[in-house]
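J.: I'd like to go over a predicted model; first the sequence, then the structure.
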Amino acid sequence: MSTIVISEAEFQSLRDIIRERFGIFYDDTKQFLLQSRLQTRLLKVRAQDFGAYYRYLISSPDRETEWAELASVLSNNETYFFRERAQLEVLATEVLDGALKSGGKLRVWSSASSTGEEPYTIAMMLMETHRISPASITLHATDLSPRALEKATTGFYRELSFRATPPEMVQKYFRPFQGGFFISDDIKKMVEFSRLNLLDAKAVAAMGQHDAIFCRNVLIYFDKPTQKRVVEAFAAALRPGGYLFLGHAESIMRLTDLYEPLVTPKAIYYKRK
């Protein structure tokens, strides 16, 4: 297969509509990366070059189907169970304490759930507290990628997903199957998966208010205006005093004054003012 080279003008046109649609931003140093990621899509839709592919995305009758495929191609699905565990322990203590004091219900949103490891970990952490029943937990999980969501709802994982998982948790909450593991049905049914674009303000607002939102290692793919737009939408989706958990390399201190940073020796997170 010969490589189709993207021109500067084609790169700028495609990166702009991708940023507008998904928030993902490719700066000038990532022209080759975008070219390589889109190669297979050009072949699938039989576009002769990147200009033709751009026109397909804006005018083809099948463009929405292609945008859904593109979401999976451009999404980074690097994740695993019990990632950044210190934040999860804050959820299972401080956040849960507040929920139990204010009515006993807990609402959590894993807003970039990828292939499901994060929301299923949240469910396991909460069950391990023995302080709240599944019936009192609403656990939403959303992602942009249809392929990632398909894997999440299947609930089957191989060894790489367990690199930070205590063996006793694997034994308790998974069942082995042909070189991998299925998540237990009890944990699986605690999570409600759906597709959502974080730039869709109406869809975010329709999620309702939560005690905690996880959006880890997503903002790093957005430019500053898009980061601000997303975290302020999250503020509206958090109850006053609710918590926002980001990736360890992400900060919103210069983006908005809607949150109070909370710093512990092991974790940084944010509280809705």
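T.: Everything's here; your move.
J.: what about the closest residue to Asp143 other than its chain neighbours, neighbour count?
T.: Nearest residue to Asp143, sequence neighbours excluded (C-beta to C-beta, 6 or more residues apart in numbering): Ser113, at 4.9 Å. (C-beta placed from N, C-alpha, C; glycine too.) Residues near Ser113, counting by other C-beta atoms under 10 Å, number 29.
J.: show me what contacts Ser113?
T.: Applying C-beta atoms under 8 Å, 6 or more residues apart in numbering to Ser113 gives the contacts 119, 141-143, 148-149, 152, 193.
J.: Only the buried subset of those, as a PyMOL command please.
T.: Selection of buried members from the contacts of Ser113 for PyMOL, criterion 16 or more other C-beta atoms under 10 Å:
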select buried, resi 119+141+142+143+148+149+152+193
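J.: Of the contacts of Ser113, which belong to helices?
T.: Within the contacts of Ser113, residues falling in helices by DSSP state H are 119, 148-149, 152.
J.: Would you check how far apart the residue most central in space within the chain and Gln178 are?
T.: When C-alpha atoms, centre = their mean is applied to the chain, the residue found nearest the centroid is Ala112 (1.0 Å). Distance from Ala112 to Gln178, counting by C-beta to C-beta, to the nearest Å: 29 Å.
J.: quick one, helices of the stretch 1-150 of the chain?
T.: Counting by DSSP state H, counting those that start in this stretch, one finds helices in the stretch 1-150 of the chain at the ranges 8-22, 31-45, 50-59, 63-74, 85-90, 96-101, 117-129, 146-154.
J.: Sheet partners, orientation included, of the lengthiest strand in the chain?
T.: Longest strand in the chain by number of residues (criterion: DSSP state E): strand 238-246. Using DSSP bridges, the strands paired with strand 238-246 are strand 210-215 (parallel), strand 268-272 (antiparallel).
J.: and it with helix 117-129, angle?
T.: With axes from the mean of the first three to the mean of the last three C-alpha atoms, to 10 degrees defining the directions, strand 238-246 sits at 110 degrees from helix 117-129.
J.: How far does strand 238-246 sit from its chain's centre?
T.: In terms of C-alpha atoms, centre = their mean, to the nearest Å, the gap separating the centre of strand 238-246 from the centre of its chain is 16 Å.
J.: Neighbours of Phe162, how many?
T.: There are 19 residues near Phe162, going by other C-beta under 10 Å.
J.: typo on my end, it should be Glu78
T.: By the criterion of other C-beta under 10 Å, Glu78 has 10 neighbours.
J.: In terms of pLDDT, where does it sit?
T.: At Glu78, the model reports a pLDDT of 80.
J.: For it, give me its contacts.
T.: By C-beta under 8 Å, 6+ apart, Glu78 lies in contact with 114, 217.
J.: and it, what are its phi and psi?
T.: Taking degrees, to the nearest 10, you get phi -70, psi 110 for the backbone angles of Glu78.
J.: Quickly note the distance from it to Val218.
T.: Counting by C-beta to C-beta, the gap from Glu78 to Val218 is 11 Å.
J.: sorry, back to before: which one of the helices of the stretch 1-150 of the chain lies nearest to Arg229?
T.: With C-beta to C-beta, the closest approach to Arg229 among those belongs to helix 8-22: 11.5 Å.
J.: Tell me which residues are up against that closest one.
T.: Outside helix 8-22, the residues touching it (C-beta under 8 Å, 6+ apart) are 6, 24-26, 31, 34-35, 38, 49-51, 53-54, 57-58, 67, 70-71, 74, 144, 197, 199, 223, 226.
J.: angle of it against helix 31-45?
T.: Helix 8-22 and helix 31-45 meet at an angle of 80 degrees, taking the same axes, to 10 degrees as the criterion.
J.: I'd like the numbering to begin with 254 instead of 1 from here.
T.: Renumbered: residue one is now 254, and that last one reads helix 261-275.
J.: so how far is helix 261-275 off the chain centroid?
T.: So, by C-alpha atoms, centre = their mean, the centroid of helix 261-275 is 22 Å from its chain's centroid.
J.: Also stretch 353-360?
T.: 24 Å.
J.: residues making contact with it?
T.: 348-349, 352, 379, 384-385, 389-391, 393, 461-465.
J.: Going through those residues, which ones are buried?
T.: 348-349, 352, 379, 384-385, 390-391, 393, 463-465.
J.: Report the two of these separated the most.
T.: Arg384 and His393 (20.6 Å).
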